[in-house]
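Trainee: Here is a sequence with its predicted model. Questions after.
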Amino acid sequence: MQLFYNKDLTSKDSQFTFDKTESRHIVKVLRKKNGDILQITNGKNELFTVKILLANDKKCLVEIIRSEVIQKPWNYKLHVAIAPTKSNDRLEWFLEKATEIGIDEITPIICANSERTVLKKDRLEKIVQSAMKQSLKFVVPKLNESVKFSDFMKQDFEGDLFIAHCEEQDKKSFSKEIKPTRNITILIGPEGDFNPNEIKNAIAQKFIPVTLGKSRLRTETAGLLAIQTVALINEIN
């Protein structure tokens, strides 16, 4: 399946025109022609089957012939709040793989030890959207604006709360704390880890300190391991 994405598409629409970039890709690269069938998602668990009416490489016009709601393949909500890595490539890799595995929400958190505080959100959103299409997901993860750790902690949280850190103190095993079908928020710190005040603040907000294993992991690896662990626990159960 070749999956396309447009966030504004709704079940009320009868026709749709691709923008110039997508039109050229469809007509010139994929060599689609009038009458060919394509699939589009709006990233909200909806899939649209469309037929090409006009295979124009500047304005490819399609008719919507069917729309359907696709159930999300995981039955929990996972929110990862992660400190941006110093290397932009590593953050982009994390977003791509997290989307492929399955995640609902991502918040970049700026911590005391963060080495990167400025992000190009438009580019990061394109990474997420591309990964959604490639992995044939029909829901695009919510990518929030970056926020200071202290401000992030001011919100009201729901579900099970965890903070993964490297400090030598009492911590539980993340994999043993996960309960199937529960909503989860987990905090992943920067290369220099959370500082003691941040850990104390999180614990005061009912976040459970956890370990992801015996190895000391890079930020993006820790984030991905947490996502995969949640997915596997829910799959097994």
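Mentor: Perfect, thanks for sending it.
Trainee: Tell me, how many residues neighbour the closest residue to Ala81 other than its chain neighbours?
Mentor: Leaving aside its sequence neighbours, Ala81 sits nearest to Thr107 (C-beta to C-beta, 6 or more residues apart in numbering; 4.4 Å). Heads up, the C-betas are built off the backbone N, CA and C, glycines and all. Neighbourhood size, Thr107 [other C-beta atoms under 10 Å]: 18.
Trainee: Could I get the contacting residues of Thr107?
Mentor: Going by C-beta atoms under 8 Å, 6 or more residues apart in numbering, Thr107 touches 79-82, 144, 146-147, 152.
Trainee: CA atoms of the helix or strand hosting it as CSV?
Mentor: With elements taken from DSSP states H and E, the one containing Thr107 is strand 105-110. C-alpha atoms of strand 105-110 as CSV (Å, rounded to 0.1, in the frame of the first residue of the first chain):
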residue,chain,number,x,y,z
GLU,A,105,2.2,11.8,22.3
ILE,A,106,5.8,13.2,22.5
THR,A,107,6.9,16.3,24.4
PRO,A,108,10.4,17.6,24.1
ILE,A,109,11.4,18.7,27.6
ILE,A,110,14.2,21.2,28.3
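Trainee: Identify each buried residue in that strand, please.
Mentor: 106-110 (16 or more other C-beta atoms under 10 Å).
Trainee: Flag the shaky bits of this structure, pLDDT-wise.
Mentor: Along the chain, the parts satisfying pLDDT under 70 run over 237.
Trainee: Give the residue farthest from the middle of it.
Mentor: Here the chain reaches farthest from its C-alpha mean at Asn34, the gap being 34.3 Å by C-alpha atoms, centre = their mean.
Trainee: For the residue sitting nearest the centre point of the chain, grab phi and psi.
Mentor: In the chain, the residue lying closest to the centroid (C-alpha atoms, centre = their mean) is Pro141, at 3.8 Å. Pro141 adopts backbone torsions of phi -60, psi 150, taken as degrees, to the nearest 10.
Trainee: quick one on the thing from earlier: how much space separates the residue nearest to Ala81 from Leu54?
Mentor: Taking C-beta to C-beta, to the nearest Å as the measure, Thr107 falls 41 Å from Leu54.
Trainee: Same question for Ile233.
Mentor: Taken as C-beta to C-beta, the span from Ile233 to Leu54 is 48 Å.
Trainee: okay, those two: which has more neighbours?
Mentor: Shown here are Ile233 and Leu54; by other C-beta under 10 Å, Ile233 has more neighbours (19 against 14).
Trainee: which non-adjacent residue is nearest the more buried one?
Mentor: Ile178 (4.5 Å).
Trainee: try Gln129
Mentor: Tyr5 (5.5 Å).
Trainee: which residues does the one you found bridge with?
Mentor: Counting by DSSP bridges, Tyr5 forms beta bridges with Thr41.
Trainee: what residues are up against it?
Mentor: 40-43, 129, 132-133, 140.
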